[in-house]
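Undergrad: the following block contains a protein sequence and its predicted model.
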Amino acid sequence: MAEKELTNYFEDFLTKQPLFVNKKALQINYTPEDIPHRDEQIKNIAGILAPALRMEKPSNLFIYGKTGTGKTVSITKVSSDLMKIAEKNNIPLKILYLNCKLKRVADTEYRLIAQLTREFGVEVPATGLPTDEIYKIFMRSIDQKKMLVVIILDEIDQLVKKIDDGILYNLTRLNHELKNTEMTLIGISNDLTFTAELDPRVKSSLGEEELVFPPYNAIQLQSILKNRVELAFRPQVLEDGVIEKCAAYAAREHGDARRALELIRVAGEIAERNNEIRVLMKHIDDAQEKIERDRVLDNISTQPKQFKLTLFSIFSMSFIGNKPIFTGDIYEIYKDACVKVGLKPLTQRRVSDIIAELDMLGIINAKVISKGRYGRTREIRLAIPTSTVPKVRDLLKSSLGL
DNA sequence: CGAGATTCATGTGAAGTATACCTTTAGGCTTAA
DNA sequence: AAGCCTAAAGGTATACTTCACATGAATCTCGTA
């Protein structure tokens, strides 16, 4: 009986008209043929990088703009076009792209350089080498023959926030020591005030050229969505107003186009799963919630055990009334939890740092306050929607074995 | 009553420690001439 | 004798601990009106 139902389900699935014709067009890493409303920026980038084709070192470039304003697509578009021409004309050009935010890949000076070296096809150990040694290996592998290298560092502000700006200074200085190769740095930052905090030397050498990506407005978002939707969905499957609603939602989030595209993709997936023949308005709301939930869950599940345990303690506390939570209380619960799980408790000092990091990740809000006579502490609140709290709890429980 | 001192609970910085991993080097073993 | 393997020595990055000091407003203290 059950088996029959399953077979039927699959057959239905096959005969049903799919909503999507090319879902790829909505995925994050998709680079469309043309990028609307970014002509000027793209022309600028192209102009800056073009000298590479004549074997002249392009200027270093600094790009600002909030998330989802097309920075990454624009730069990948330009660089892939540039590479095509370079290959055709046998110009020795190499473009490396690296996202600095990835935890355990590029979030320290050593790991960043190691990763760059690996991108170059040279295997290097994850630890154990002196940092200047890894610089040497990197330079050696990059400097073997005459060529141009463009290094794109995405979310560079995260990196500098975590370490310090000495790494950028080292990178810019590296160029002077290279014999054959010339290196161009492109930094991408979400934080518009980023350069204000930089060492002036770094600022002047890295910011030879600067480019700002303004946020999209709702109208522009709509046209972007229309373009992609035509590629991705069968005609006529979207209810009227769906695109407008998506655009409005995303515009509210400082014009984040990535968000808008994800929203409509997930809405489509939800509609498909619910056996709807069209994507309706309400699916967008569902999608909004699902995206947020997935983002949080994904983020949390990749955290180390101690982080999860700390978070779990915070969650346990937050269930007792709606009062603000303080570090000391959490640490008590955390210690108990450690015993239950069989993990050695970390010191309060360390837990304090972990709480600060969880705050940076946006899972919680922690504000340092002074309670006067009663000391000083962090006032902690959950920063995730209440609807996803139970799911997160379950995730934490199961991954900690509770 | 109000200015200044006190106090609490924890934030925060610096320095030290443990662990995991790396390269180099020297000694011992095997092998081939 | 040359070549190869292994283990020890010496080094690093990272996560964490230890120690010591910094914070900042509620509360206390005490002089003054």
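TA: Perfect, I can see it now. Residues are numbered from 1 along each chain as shown, chains lettered A, B, ... in the order given.
Undergrad: how does chain A divide into domains?
TA: A:39-213, A:217-299, A:303-400 (automatic domain parsing).
Undergrad: quick one: mean pLDDT for the first one?
TA: Right, domain A:39-213. Averaging pLDDT along domain A:39-213 yields 82.
Undergrad: among the domains of chain A, which is nearest DNA strand C?
TA: Proximity to DNA strand C (C-beta to the nearest atom of the strand) singles out domain A:303-400 among the domains of chain A, at 1.6 Å. C-betas here are computed from N, CA, C, even on glycine.
Undergrad: in JSON lines, list the domains of chain A along with distance to A:Glu11 and mean neighbour count.
TA: Listed next are the domains of chain A as JSON lines, based on distance: least, C-beta to C-beta, whole Å; neighbours: other C-beta atoms under 10 Å:
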{"stretch": "domain A:39-213", "distance to A:Glu11": "39", "mean neighbour count": "17"}
{"stretch": "domain A:217-299", "distance to A:Glu11": "13", "mean neighbour count": "18"}
{"stretch": "domain A:303-400", "distance to A:Glu11": "32", "mean neighbour count": "16"}
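Undergrad: could you dump the ones you listed into JSON lines and include distance to DNA strand B?
TA: Shown next, in JSON lines, are these (distance: least, C-beta to the nearest atom of the strand, whole Å):
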{"stretch": "domain A:39-213", "distance to DNA strand B": "2"}
{"stretch": "domain A:217-299", "distance to DNA strand B": "22"}
{"stretch": "domain A:303-400", "distance to DNA strand B": "2"}
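Undergrad: A:Ile28: which of those domains is closest?
TA: domain A:217-299 (6.2 Å; C-beta to C-beta).
Undergrad: tell me the mean pLDDT over that closest one?
TA: pLDDT averaged over domain A:217-299 gives 85.
Undergrad: how far does it sit from its chain's centre?
TA: 19 Å (C-alpha atoms, centre = their mean, to the nearest Å).
Undergrad: end-to-end on that domain?
TA: End-to-end distance for domain A:217-299, by C-alpha to C-alpha, to the nearest Å: 29 Å.
Undergrad: now stretch A:20-38
TA: Start-to-end, stretch A:20-38 (C-alpha to C-alpha) is 27 Å.
Undergrad: mind listing what's buried along that stretch?
TA: A:20, A:23, A:25-26, A:35-38 (16 or more other C-beta atoms under 10 Å).
Undergrad: so A:Ile270 touches A:Lys290, yeah?
TA: Yes - the pair formed by A:Ile270 and A:Lys290 meets the contact definition of C-beta atoms under 8 Å, at 7.0 Å.
Undergrad: what's near enough to touch the residue nearest the centre of chain A?
TA: By C-alpha atoms, centre = their mean, chain A has its centre lying nearest to A:Lys101, at 6.6 Å. Neighbouring residues of A:Lys101 by C-beta atoms under 8 Å, 6 or more residues apart in numbering: A:107, A:154-155, A:158-159.
Undergrad: tell me the SS of it?
TA: coil (DSSP: H, G, I helix; E, B strand; the rest coil).
Undergrad: could you measure from it over to A:Ser318?
TA: 27 Å (C-beta to C-beta, to the nearest Å).
Undergrad: ditto for A:Met139
TA: 50 Å.
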